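Engineer: got a predicted structure here, sequence first:
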Amino acid sequence: MLTFSSVNAQQDYETAIGIRINGGAGVTLRHDLGSSKSMEGILYTRWGGIGLTGLFQVNYPVFSEPGFRAYFGIGGNVGVFDADKGPWFDENATGSDVVAGIDGQLGLEYTFKDFPLNLSIDWKPTVYLLGEQDIYAGDVGISIRYVLK
């Protein structure tokens, strides 16, 4: 059963870096800001292009097992994707689409106690405001991060 604690989340790491897989692949960096808050940057390739996302997150301990945390976040993104390969799939399009938007995030992570490894799964819907104006809710990613400290 999922339970939230009203106390501040105990941060299991200060900085972790790794990969995020979500139908594409990318590099993810999470950094603790204290007081149950963190930031994440994701540089990824997908849809024949490249994108960058930045997120501010709030973290909460969950379950009775130490190391588990739920998090939610909000941020923004920019990207350049092949016009015929993006989530809009216009096979007659040519060139590239430049997009920018607002991201949300909802996730669950586990950090091992005696091994510098962090695993997470999250859902990151996006509202694109520049370029293709659309909502993309299909971004579910799995991240594997090495805990730097």
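Structural biologist: That came through fine. Nothing here was measured: the structure is a model prediction, and the numbers come from that model.

Engineer: which helix or strand in the chain has the lowest average pLDDT?
Structural biologist: None of the helices or strands of the chain scores lower by mean pLDDT, DSSP states H and E than strand 134-136, at a mean of 91.

Engineer: just checking, next helix/strand downstream of that one?
Structural biologist: strand 140-147 (DSSP states H and E).

Engineer: just the C-alpha atoms of that following strand, please, in PDB.
Structural biologist: C-alpha atoms of strand 140-147 as PDB (Å, rounded to 0.1, in the frame of the first residue of the first chain):
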ATOM      1  CA  VAL A 140       7.200   6.900 -19.900                       C
ATOM      2  CA  GLY A 141      10.900   6.500 -19.100                       C
ATOM      3  CA  ILE A 142      13.100   4.300 -17.000                       C
ATOM      4  CA  SER A 143      16.300   5.800 -15.600                       C
ATOM      5  CA  ILE A 144      19.400   4.100 -14.300                       C
ATOM      6  CA  ARG A 145      21.800   6.400 -12.500                       C
ATOM      7  CA  TYR A 146      25.200   6.200 -10.800                       C
ATOM      8  CA  VAL A 147      25.200   8.000  -7.500                       C
END
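
Engineer: got a list of contacts for it?
Structural biologist: Residues outside strand 140-147 that contact it (Cβ atoms under 8 Å, 6 or more residues apart in numbering): 12-13, 15-22, 28, 30, 109, 111, 116-124. All C-beta atoms are positioned from the backbone trio N, CA, C, and that covers glycine.
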